[in-house]
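Student: below: sequence and its predicted model.
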Amino acid sequence: MIWLDVKLPDLHPSTWERDILCDPIILDSDRPKIITIMWAIWTSRNSITHDNGTTDPVHSVKRIRDDLAILDLPSGHTKIMPGFGWKPPDDGWIKVNTDAGVALDARKCGAGGVARTASGFVGAWSKPQEGVTDPLVAEALALREGVLFAKLRGFAQVVMEVDCLEVVDLWVTRQGSRSLIAPILFEVEELARDFTSFCIKHVKRHSNHSAHLCAKLACTLGVSECWMSSPPSFLVTSIQADSEGAVLME
């Protein structure tokens with residue numbers, strides 16, 4: 001780890017985890033560097049094992065540098081970074097962030113979403129929607145996909161988060177609405193009847209970055225993709241930024 005100016009001391013096979021976290025033999029400034037590198041190695045291993053990924057040392061080094069840069073930022077600067085402002089849901093709830101993107105040239109949109117509980121990642125998806133180029137319709141369709149995801153998995157208490165304020169406002173005033181997305185919102189309402197608790201909230205874009213990445217990918221796909229239990233490699237850094245942003249807000 002010469003490029004990080006970190007020298008890893010000899011660690012005991014039985015106590016190495018505690019040594020890294022607590023032992024004064026390791027400088028406090030070096031601990032996050034060591035842990036971040038270990039995390040990157042483990043993530044690459046999972047990508048290869050579970051997602052049929054390939055080894056990309058250059059990408060891994062760049063991701064480590066980016067993650068360490070986040071740790072070094074003054075707290076005032078972190079408030080405008082992707083991930084700051086996202087909060088994990090309360091125990092027993094699932095939080096689903098959704099977003100949409102539009103590819104005008106391809107005449108389609110992409111719907112993406114990420115579902116998490118208080119304990120961590122549940123699933124993510126990227127779904128292309130052919131023939132849809134209206135941004136508001138795209139956002140509503142992405143919301144519907146997120147609600148459907150939660151319903152099919154039997155969740156009881158669900159909070160949806162979107163960064164399109166117009167969708168949230170139209171949801172609140174949907175009764176008697178003649179908006180373009182009214183039929184989609186009524187479908188969402190029907191799907192949500194199976195939940196014991198349900199709400200839709202507006203969040204800022206930098207708090208919805210993980211869903212944005214899924215929507216961006218969806219615009220390039222021909223068929224839908226879904227990931228369960230562990231996030232795909234392109235989402236790992238964003239998921240981590242969400243967690244770090246939540247800690248900074250405490």
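Tutor: Alright, I've got the coordinates.
Student: can you give me the strands in this protein?
Tutor: Applying DSSP state E to the chain gives strands spanning 93-103, 108-117, 120-130, 157-162, 197-202, 225-228.
Student: next one: stretch 221-239 to chain centre, how far?
Tutor: Between the centre of stretch 221-239 and the centre of its chain there are 9 Å (Cα atoms, centre = their mean, to the nearest Å).
Student: buried sites along it?
Tutor: 227, 230-239 (16 or more other Cβ atoms under 10 Å). Backbone N, C-alpha and C define where each C-beta goes, glycine included.
Student: endpoints of that stretch, how far apart?
Tutor: 22 Å (Cα to Cα, to the nearest Å).
Student: over to stretch 193-204?
Tutor: End to end - Cα to Cα - stretch 193-204 spans 27 Å.
Student: picking up where we left off before, so which pair among the buried residues of stretch 221-239 is furthest apart in space?
Tutor: Farthest pair in the buried residues of stretch 221-239 (Cβ to Cβ) is 227 and 237. Separation: 14.9 Å.
Student: export the strands of the chain to TSV and tack on mean pLDDT and distance to residue 191?
Tutor: Formatted as TSV, the strands of the chain follow (pLDDT from 0 to 100; distance: least, Cβ to Cβ, whole Å):
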stretch	mean pLDDT	distance to residue 191
strand 93-103	96	12
strand 108-117	96	14
strand 120-130	95	16
strand 157-162	98	10
strand 197-202	96	9
strand 225-228	95	18
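Student: turn the ones you listed into JSON lines, including distance to residue 150.
Tutor: Formatted as JSON lines, the strands of the chain follow (distance: least, Cβ to Cβ, whole Å):
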{"stretch": "strand 93-103", "distance to residue 150": "6"}
{"stretch": "strand 108-117", "distance to residue 150": "7"}
{"stretch": "strand 120-130", "distance to residue 150": "9"}
{"stretch": "strand 157-162", "distance to residue 150": "5"}
{"stretch": "strand 197-202", "distance to residue 150": "9"}
{"stretch": "strand 225-228", "distance to residue 150": "13"}
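Student: which one of these lies closest to residue 210?
Tutor: strand 108-117 (4.5 Å).
Student: tell me what angle that closest one forms with strand 120-130.
Tutor: 170 degrees (axes from the mean of the first three to the mean of the last three Cα atoms, to 10 degrees).
Student: return the distance of stretch 100-120 from the chain's centre.
Tutor: The answer for stretch 100-120 is 10 Å, by Cα atoms, centre = their mean.
Student: list the buried residues in it.
Tutor: 100-103, 108-117.
Student: ok, residue 107 - contacts?
Tutor: By Cβ atoms under 8 Å, 6 or more residues apart in numbering, the contact set of residue 107 is 130-131, 133.
Student: go with 10 Å
Tutor: Neighbouring residues of residue 107 by Cβ atoms under 10 Å, 6 or more residues apart in numbering: 130-133.
Student: from those residues, list the buried ones, please.
Tutor: Buried among the contacts of residue 107 by 16+ other Cβ under 10 Å: residue 132.
Student: sorry, back to before: residue 39 is nearest to which of the strands of the chain?
Tutor: Set against residue 39 and scored by Cβ to Cβ, those come closest in strand 120-130, at 13.8 Å.
Student: report all helices and strands that the closest one contacts.
Tutor: Other helices and strands packing on strand 120-130, by 3 or more Cβ pairs under 10 Å, 6 or more residues apart in numbering; DSSP states H and E, are strand 93-103, strand 108-117, helix 135-152, helix 209-218, strand 225-228, helix 233-249.
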